[in-house]
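Novice: have a look at this fold, sequence not included:
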């Protein structure tokens, strides 16, 4: 499949489970990124993490030895902020307390949008019911992501924001607008920064749905790594299958450099 | 539609929103039930409430002036208890603290079943994640009910257990076995107590999905009342439509007595 594609001129990388797990970089990740940059392949970082504001993610990357400029990092909270500003809406936040700084400021009077991120311990019954009532009262319904699970600090999968989005969808009978991966608009915004077309770009991630199938649906090449939340058989749960399944980010960079264009 | 049916020889009644709202009986409900009993029509009570144990529901009914024998009341917790005993399973409870007495006792060693009821404030992130992990580890998945919303004490709709069941279904990719309404087994157990066939029985409820469409799918007549959680247009959200839509339990009893058999 990849053989018939155009040469790769841009790379999108997931963070959690691909570059780091918890506070630690994945073995070989930094060296792999150095090789990618040395080859002159433009890249951007796309995370669905909604437990940290942009400032903290950039700091975390710097601490593990990766300098990333603010405009190289795409995250759902910023996509939501732009959506709210464009529509003149004010947010009803059901998000992690740490994320609230990315929604600071004055908001429009054009109505309310419920914004659901990974609120973690903030997913109380009272907060879920308040969001339910706002939605039943006519608020817009935005989901930062709809991931099913994530690899938690204890090495086990934990339930992710997508489950609570599904809960509110079921209770209200309404569908959320997803702003992070796998939203085609989210991939398109990152591609615009790279200045390359979808068919010249590759996305590398550990989430076969949000990262890989999402990128493929947006016209890109999708590469699944067997790190992070990856579980054997994940690649068989989507159709079409990933364009490639590789061991880790190091192997993904090998795969990309063998197909990189001028 | 009802004209072609057999005469009614048994009645199943929902409780919340039909007989009472909060602590108060619905106007005319007690008088309507007296007329039904005076006509000699056998009846049973079927509730999807999972915030109170059987003991408290019977007490609540007595306080508002309705004497109900234990075996006239069907509730999902008892159906779950029978299911667990039959399969030799032990419960991982995600239910309201008050409901736990209905699950007291020694349990089998044949495995674990996650049991989800309306845990209300017990739907914390930690409890949801513990249930998610048990399910990912292979536990059976039982839902006491999957109602979307209920009429809360403040007169507004609140999010119900079904939303949290949907959340766990989404995160795990598995489907829950529902034990309360609209499970055909649940209706069948109540009908067995009445000693009448489904086509001779009518179910009266305020939930167009769990009560009315559920009863109709089980072969019974379904009557929707415009009290409790009923909202205009509810009858248009299901296909086929309810056999009748009436103002309240009083009007439902009139409708039933006009069609009651010997």
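Specialist: Yep, it's here. What you see is a predicted model, and the numbers here were worked out from it, not measured in a lab.
Novice: and the closest residue to chain B within the stretch 1-150 of chain A, how close does it get to residue A:172?
Specialist: Residue nearest to chain B within the stretch 1-150 of chain A: residue A:132 (4.1 Å; C-beta to the nearest C-beta). Quick note: C-beta positions are derived from backbone N, CA and C, even for glycine. Applying C-beta to C-beta, to the nearest Å, one obtains 6 Å for the distance of residue A:132 from residue A:172.
Novice: cool, residue A:145 as well?
Specialist: Spatial separation of residue A:145 from residue A:172 under the definition C-beta to C-beta is 18 Å.
Novice: residue A:106 now?
Specialist: Residue A:106 sits at a distance of 28 Å from residue A:172 (criterion: C-beta to C-beta).
Novice: more neighbours: which of the two?
Specialist: Neighbours were tallied for residue A:106 and for residue A:172 using other C-beta atoms under 10 Å in any protein chain shown; the higher tally belongs to residue A:172 (23 against 6).
Novice: give me the neighbour count for the residue of the stretch 1-150 of chain A closest to chain B.
Specialist: Burial measure for residue A:132: 23 neighbouring residues, criterion other C-beta under 10 Å.
Novice: quick one: pLDDT of it?
Specialist: We note a pLDDT of 98 for residue A:132 in this prediction.
Novice: any residue of the lowest-mean-pLDDT helix or strand in chain A touching chain B?
Specialist: For chain A, the helix or strand with the lowest mean confidence is strand A:149-151, at a mean of 90 (criterion: mean pLDDT, DSSP states H and E). Yes: applying C-beta under 8 Å from any C-beta of the partner chain, one finds that strand A:149-151 is in contact with chain B at residue A:149.
Novice: what is the subsequent helix or strand relative to the host helix or strand of residue A:191?
Specialist: Using DSSP states H and E, residue A:191 sits in helix A:184-194. For helix A:184-194, the succeeding helix or strand toward the C-terminus, using DSSP H and E, is strand A:201-205.
Novice: now do the same for residue A:153: its pLDDT.
Specialist: The model reports residue A:153 with a pLDDT of 84.
Novice: count residues in the vicinity of it, would you?
Specialist: The burial metric for residue A:153, expressed as a neighbour count using other C-beta under 10 Å, is 9.
Novice: one step back: who touches whichever helix or strand comes after the least confident helix or strand of chain A?
Specialist: Downstream of strand A:149-151, the first helix or strand assigned by DSSP H and E is strand A:157-159. The contact list for strand A:157-159 (C-beta atoms under 8 Å, 6 or more residues apart in numbering or on different chains) reads A:148-152, A:229, B:125, B:128-129, B:132-133, B:136, B:167-168, B:171.
Novice: for those, pick the one with the most neighbours.
Specialist: Across the contacts of strand A:157-159, the neighbour count under other C-beta under 10 Å reaches its highest value at residue B:167, namely 29 neighbours.
Novice: verify the contact between that one and residue B:128 for me.
Specialist: Yes: shown here, residue B:167 and residue B:128 form a contact pair, counting by C-beta atoms under 8 Å, at 6.8 Å.
Novice: leaving out sequence neighbours, find the closest residue to the most centrally placed residue in chain A.
Specialist: Closest residue to the average C-alpha location of chain A: residue A:48 at 2.7 Å, with C-alpha atoms, centre = their mean. Closest residue to residue A:48 in three dimensions, ignoring its sequence neighbours and counting by C-beta to C-beta, 6 or more residues apart in numbering or on different chains: residue A:145, at 4.0 Å.
Novice: ok, residue A:202 - contacts?
Specialist: Residues near residue A:202 by C-beta under 8 Å, 6+ apart: A:8, A:10, A:11, A:12, A:215, A:220, A:221, A:222, A:223, A:243, A:256, A:259.
Novice: state the distance from the last one to residue A:203.
Specialist: Read it as residue A:259. To residue A:203, residue A:259 is 14 Å away according to C-beta to C-beta.
Novice: between the two, which one's more packed in?
Specialist: Applying other C-beta under 10 Å to residue A:259 and residue A:203 shows that residue A:203 carries more neighbours, namely 31 against 16.
Novice: okay, the more buried one: pLDDT?
Specialist: In this prediction, residue A:203 carries a pLDDT score of 98.
Novice: can you check residue A:165 too?
Specialist: On the pLDDT scale, residue A:165 gets 98.
Novice: which residue sits closest to it, ignoring its sequence neighbours?
Specialist: Using C-beta to C-beta, 6+ apart, the closest residue to residue A:165 is residue A:143 (4.3 Å).
Novice: wait, doesn't that neighbour sit right on residue A:175?
Specialist: No: look at residue A:143 against residue A:175 with C-beta under 8 Å: they stay out of range, at 9.4 Å.
Novice: compare these two (neighbour count), which wins?
Specialist: The residue with more neighbours, out of residue A:143 and residue A:175 and counting by other C-beta under 10 Å, is residue A:143; that gives 28 against 10.
Novice: quick check on that one: phi, psi?
Specialist: phi -110, psi 130 (degrees, to the nearest 10).
Novice: across the sheet, point out what pairs with it.
Specialist: With DSSP bridges as the criterion, residue A:143 is bridged to residue A:116, residue A:178.
Novice: look up how far residue A:58 lies from it.
Specialist: 24 Å.
Novice: got the contact list for the strand or helix carrying residue A:168?
Specialist: Assigned by DSSP H and E, residue A:168 belongs to helix A:161-172. Helix A:161-172 is touched from outside by A:50, A:94, A:114, A:116-119, A:123, A:128, A:131-132, A:135-136, A:141, A:143-148, A:174-176, A:178, B:128, B:132, B:148-149, B:159-160, B:162-164, B:166-171, with contacts defined as C-beta under 8 Å, 6+ apart.
Novice: could you give the angle of that helix to helix B:161-172?
Specialist: Helix A:161-172 and helix B:161-172 meet at an angle of 150 degrees, taking axes from the mean of the first three to the mean of the last three C-alpha atoms, to 10 degrees as the criterion.
Novice: so which bits of the stretch 151-262 of chain A are right by chain B?
Specialist: Within reach of chain B by C-beta under 8 Å from any C-beta, the stretch 151-262 of chain A has these residues: A:156-160, A:162-164, A:166-173.
Novice: try 6 Å this time
Specialist: Proximity of the stretch 151-262 of chain A to chain B is assessed by C-beta under 6 Å from any C-beta of the partner chain, with A:158, A:159, A:163, A:164, A:166, A:167, A:170, A:171 identified as the residues in range.
Novice: ok, and the most crowded of these?
Specialist: Using other C-beta under 10 Å as the neighbour test, those are led by residue A:164, with 31 neighbours.
Novice: for the helix holding residue A:191, name the packing helices and strands.
Specialist: Counting contacts by 3 or more C-beta pairs under 6 Å, 6 or more residues apart in numbering or on different chains; DSSP states H and E, helix A:184-194 packs against strand A:43-46.
Novice: pull out the buried residues from the helix or strand that comes right after the strand it packs on.
Specialist: Once the chain leaves strand A:43-46, the next helix or strand it forms, by DSSP H and E, is helix A:54-63. Using 16 or more other C-beta atoms under 10 Å in any protein chain shown as the test for burial, helix A:54-63 gives A:54, A:57, A:58, A:60, A:61.
Novice: and if you look at stretch A:174-183?
Specialist: Of the residues in stretch A:174-183, those with enough neighbours to count as buried (16+ other C-beta under 10 Å) are A:176, A:178, A:179, A:180, A:181, A:182, A:183.
Novice: of the residues you listed, closest to residue A:36?
Specialist: Top of the list for closeness to residue A:36, among the buried residues of stretch A:174-183 and by C-beta to C-beta, is residue A:181 at 20.1 Å.
Novice: now do the host helix or strand of residue A:37: everything it contacts.
Specialist: Using DSSP H and E, the secondary-structure element containing residue A:37 is helix A:29-38. The set of residues external to helix A:29-38 that reach it, using C-beta atoms under 6 Å, 6 or more residues apart in numbering or on different chains, is A:19, A:65, A:249, A:250, A:253.
Novice: that'll do, ta.
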